[in-house]
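> how does the following fold in three dimensions:
(2 chains, ligands or ions: 2)
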Amino acid sequence: MNRTPLLQLQGLRVRYGNVLALQGLDLTVHEGELVTLLGSNGAGKSSTLRAISALVPTEGQILWRGGSLGGVPPHRIVRLGIGHCPEGRRVISRQSVLANLELGAWLRRDQAGIRHDLERCFDLFPRLAERRHQLAGSLSGGEQQMLAIARALMGRPTLLMLDEPSLGLAPRLVAEVMQVLKALHREGLTLLLVEQNANAALAIADRAYVLISGRVAQEGPASALRDDEQLRAAYLGG
Amino acid sequence: MIEALLQTLLNGAASGGVYALVALGYTLVFSVLGVINFAQGALFSLGGYLTYLLMGGRIGVNGALPGWGLPAGLPFWLALLLAAAGSGLVALLVERVAFAPLRRRGAEPLLALITSLGAGVVLVNLLQILMGAEGYAFPQESGALAGLPEVLMIGGARIRTIQLLLLLVCSAAVVGLSLWLERSRGGQALRAVAEDATTAQLLGINSDAMVRLAFVLSGALAGLGGSLIGMSVSLPGPYFGIGYGLKGLAVLVLGGLGSVPGAIAGGLLMGLAEALVPAEASGWRDALAFAILFAVLLLRPSGLLGRRTVDKV
Ligand SMILES: Nc1ncnc2c1ncn2[C@@H]1O[C@H](COP(=O)(O)OP(=O)(O)OP(=O)(O)O)[C@@H](O)[C@H]1O
Ligand SMILES: [Mg+2]
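Ligands and ions are numbered 1, 2, ... in the order given. So this is what the prediction gives:
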């Protein structure tokens, strides 16, 4: 694989006051890959995504298609094709489901394309279609998670970053969400999936990184990590 | 009797409309930043003086340039729009000077209370240096009423045309702003920033630009209010906006912090209640206004239409 990676993090550091949340992270995502970033609470997973979205000050390099993202303000990142479905869903609760999806397409002007993608989101998550005029704040946690994913898709990202989409969902819903991600991946979308649910994530990922205290402790093909009993017992809680 | 009541109601609605404008200005900034812009009252004064000058009014003897004025006055409508725009631009300056530096440093939001109050004081003092402390009456010949008679007879009541005009402009501004917030793309984005600025950025919305827009709009509303009051009464001095700023603050709390319909309803309620105070007891108006505020807050701590938040975990 000699082509330029889609996303490349080199020696990435993130500091919150005295806390060094990321201590020199190296991570690569190639076009078309589904990469998962695993780790327990406080490992620095969300900080990594926040750094890529320019929500926190960083040191080190963040390269997008080989060019530096340094100095690009947060609202410009999504324009480049980087979608971020944030931790904790963060739907706009005082607006309708449909309005949230429209906000996801905020930067787009192609009305026909937006309508098409809207229908596609409703195909992926039929429950959203039934509730399209309901306030997002009145949805259940699982439905809000679906809305957050669908909203990120409405921006037509090249790379979709998801921060713990399985958090707080019933096992059946987790499986449903993972199936959707797998389908998106098969259609060619590149994904960076942050998860604590290692089993679910490794089942669909191509490659995986394991973060411990802001450093990469292990990386490799998802299949290899799936079979690494020791690693799973030690860091991923089985 | 009916005639007196009609007149009272109209007076109440007119001043209520102005209160609603000021309160809406606070609401816009509060909803995106969670802070109160205490320079709002000074922007109200500024609007009044800008309209006065734009309509061809001259600076008095105590001003910096006694006797100076524009060579020709603009028509009322144009002066009103320009004054609103001017106040909006100064509000943007207030944001740059009094709010943005604090936000950049991640300072305690309450500090903006002091810096914006300071900006307001500076603004009022500048007005005083430029225009003097004396009162001004608007030049009548430039024709605010554009050919309309000064007094209209409606249902047997003598109504000052300017009061109707004032009510009309306030309603148009309030309805226009509400529609914009509810229906337009920009309004939708502003509401998204108000709820969650970080997430809005992840969707590609420039949250900082939306904050600036909120300031411009709130300054324009204050400027509009000041122009209308100056027009219908007079400009009693550079400090006259401060009282309206405080009243708008009371209306904001009365209606419910951050609620657009609340600001409108609170403004009307306040204006009507004051208008019902008989002229002999007019000294008690403010006392009544704040008594209402007090009573409503005892019964409904979140204001008339305040949000009862439903938090989801
Ligand atoms: N705003 C902040 N201020 C101070 N410290 C922070 C802040 N955000 C995160 N941290 C610290 O940085 C470290 C990494 O946090 P981060 O949110 O990236 O972890 P995470 O891997 O996403 O954890 P989780 O699985 O619990 O979401 C933690 O030690 C956390 O306490
Ligand atoms: Mg996290």
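
> what separation do you get for the residue lying closest to A:Ala129 once chain neighbours are set aside and chain B?
Closest residue to A:Ala129 apart from its sequence neighbours, by C-beta to C-beta, 6 or more residues apart in numbering or on different chains: A:Phe122 at 3.7 Å. Yep, even glycine has a C-beta here, placed from its N, CA and C like the rest. If you measure A:Phe122 against chain B using C-beta to the nearest C-beta, to the nearest Å, the figure is 19 Å.

> now residue 165: which helix or strand?
No chain was given, so I picked chain A. A:Pro165 is part of no helix or strand, with elements assigned from DSSP states H and E.

> please refer instead to chain B.
Mapping B:Leu165 onto the secondary structure by DSSP H and E places it in helix B:161-183.

> show me what the helix or strand just after that helix is packed against.
Per DSSP H and E, the first helix or strand lying C-terminal to helix B:161-183 is helix B:185-195. In this structure, helix B:185-195 makes packing contacts with helix A:97-104, helix B:2-33, helix B:161-183, helix B:197-202, helix B:207-232, judged by 3 or more C-beta pairs under 8 Å, 6 or more residues apart in numbering or on different chains; DSSP states H and E.

> give the buried residues for the longest one.
Buried residues in helix B:2-33, counting neighbours by 16 or more other C-beta atoms under 10 Å in any protein chain shown, are found at B:6-33.

> quick check: the residue of the stretch 101-250 of chain B nearest ligand 1.
Minimum separation of the stretch 101-250 of chain B from ligand 1 (C-beta to the nearest ligand atom) falls at B:Gly106, amounting to 10.6 Å.

> circling back to that earlier point, nearest to ligand 2, out of the helices and strands packed on helix B:185-195?
Put simply, out of the helices and strands packed on helix B:185-195 the one that sits nearest ligand 2 is helix B:197-202, at 14.1 Å, with distance taken as C-beta to the ion.

> put the alpha carbons of that closest one into CSV.
Listed next in CSV are the C-alpha coordinates belonging to helix B:197-202 (Å, rounded to 0.1, in the frame of the first residue of the first chain):
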residue,chain,number,x,y,z
ALA,B,197,-22.3,25.2,19.6
THR,B,198,-19.8,22.4,19.4
THR,B,199,-22.0,20.0,17.7
ALA,B,200,-23.1,22.8,15.3
GLN,B,201,-19.5,23.2,14.3
LEU,B,202,-19.2,19.5,13.6
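
> next, give phi and psi for the most centrally placed residue in chain A.
When chain A is reduced to its mean C-alpha position, the nearest residue by C-alpha atoms, centre = their mean turns out to be A:Leu162, at 1.7 Å. Backbone torsions of A:Leu162, given as degrees, to the nearest 10, read phi -120, psi 130.

> what's near enough to touch it?
Applying C-beta atoms under 8 Å, 6 or more residues apart in numbering or on different chains, we find A:Leu162 in contact with A:85, A:149, A:152, A:181, A:191-194.

> pLDDT weak spots in chain A?
Scanning chain A for pLDDT under 70 picks out the ranges A:1-2, A:231-238.

> check which residues of the helix ranked longest in it are buried.
Longest helix in chain A by number of residues (criterion: DSSP state H): helix A:171-186. Going by neighbour count (16+ other C-beta under 10 Å), the buried part of helix A:171-186 is A:173-174, A:176-178, A:180-181, A:184-185.

> roughly how far does the residue nearest to the centre of chain A sit from A:Gly141?
Using C-beta to C-beta, to the nearest Å, one obtains 16 Å as the distance from A:Leu162 to A:Gly141.

> got it, and A:Arg215?
A:Arg215 sits 32 Å away from A:Gly141 when distances are taken as C-beta to C-beta.

> around ligand 1, pick out the residues from chain A.
Chain A comes close to ligand 1 at residues A:16, A:19, A:21, A:39, A:41-47, A:87, A:196, as judged by C-beta under 6 Å from any ligand atom.

> can you turn the buried part of those into a PyMOL selection?
Remark: buried members of the residues of chain A next to ligand 1, expressed as a PyMOL selection using 16+ other C-beta under 10 Å:
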select buried, chain A and resi 21+39+43+44+45+46+47+87+196
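
> what's around B:Ile159, how many residues?
Residues near B:Ile159, counting by other C-beta atoms under 10 Å in any protein chain shown, number 18.

> ok, now which ones touch it?
Contacts for B:Ile159 were tallied using C-beta under 8 Å, 6+ apart; they are B:6-7, B:10, B:151-153.

> pull the most distant pair out of the residues you listed.
For the contacts of B:Ile159, with distances taken as C-beta to C-beta, the pair at the greatest spread is B:Leu6 and B:Val151 (13.6 Å).

> picking up where we left off before, pull out the buried positions in the strand or helix carrying the residue nearest to A:Ala129.
Following DSSP H and E, the helix or strand that holds A:Phe122 is helix A:111-124. Buried residues in helix A:111-124, defined by neighbour count with 16+ other C-beta under 10 Å: A:114, A:117-118, A:121-122, A:124.

> these two touch, right, B:Gly225 and B:Tyr244?
Yes. Contact criterion C-beta atoms under 8 Å: B:Gly225 and B:Tyr244 qualify, at 6.5 Å.

> from A:Leu162, how far out is A:Ile82?
Counting by C-beta to C-beta - A:Ile82 and A:Leu162 are separated by 12 Å.

> on the three-state scheme, B:Ser116 is what?
Classification of B:Ser116 using DSSP: H, G, I helix; E, B strand; the rest coil returns helix.

> test my guess that it contacts B:Ala39.
Yes. B:Ser116 is in contact with B:Ala39 according to C-beta under 8 Å; the separation is 4.8 Å.

> first-to-last residue distance for stretch B:49-59?
10 Å (C-alpha to C-alpha, to the nearest Å).

> any residue of stretch A:52-61 up close to ligand 2?
No. Stretch A:52-61 is not in contact with ligand 2 by C-beta under 5 Å from the ion; minimum separation 12.5 Å.

> how long is that stretch end to end?
Distance between the two ends of stretch A:52-61: 10 Å, counting by C-alpha to C-alpha.

> so which bits of chain A are right by chain B?
A:53, A:55, A:73-79, A:84, A:86, A:90, A:92-95, A:99, A:102-104, A:106-107, A:137, A:141, A:144, A:151, A:155 (C-beta under 8 Å from any C-beta of the partner chain).

> can you tell me which of those residues are in strands?
Judged by DSSP state E, strands contain the following of the residues of chain A next to chain B: A:His84.

> can you select the buried ones from the residues of chain A next to chain B in ChimeraX?
Buried residues within the residues of chain A next to chain B, as defined by 16+ other C-beta under 10 Å, are selected in ChimeraX through the command that follows:
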select /A:53,55,74,75,76,77,78,84,86,90,92,93,94,95,99,102,103,104,106,137,144,151,155
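
> narrow the residues of chain A next to chain B to those in helices?
When DSSP H defines the helices, the subset of the residues of chain A next to chain B inside them is A:74-77, A:99, A:102-104, A:141, A:144, A:151.

> out of the helices and strands packed on helix B:185-195, the one nearest B:Gly267 is which?
Minimum separation from B:Gly267 across the helices and strands packed on helix B:185-195 (C-beta to C-beta) falls at helix B:2-33, 2.9 Å.

> what's the angle from that closest one to helix B:185-195?
Orientation of helix B:2-33 against helix B:185-195 (axes from the mean of the first three to the mean of the last three C-alpha atoms, to 10 degrees) gives an angle of 70 degrees.

> any low-confidence regions in chain B?
By pLDDT under 70, the weakly predicted segments of chain B are B:1, B:139-147, B:307-313.

> make it 80
When residues are selected by pLDDT under 80, those of chain B lie in B:1-3, B:139-150, B:154-159, B:279, B:306-313.
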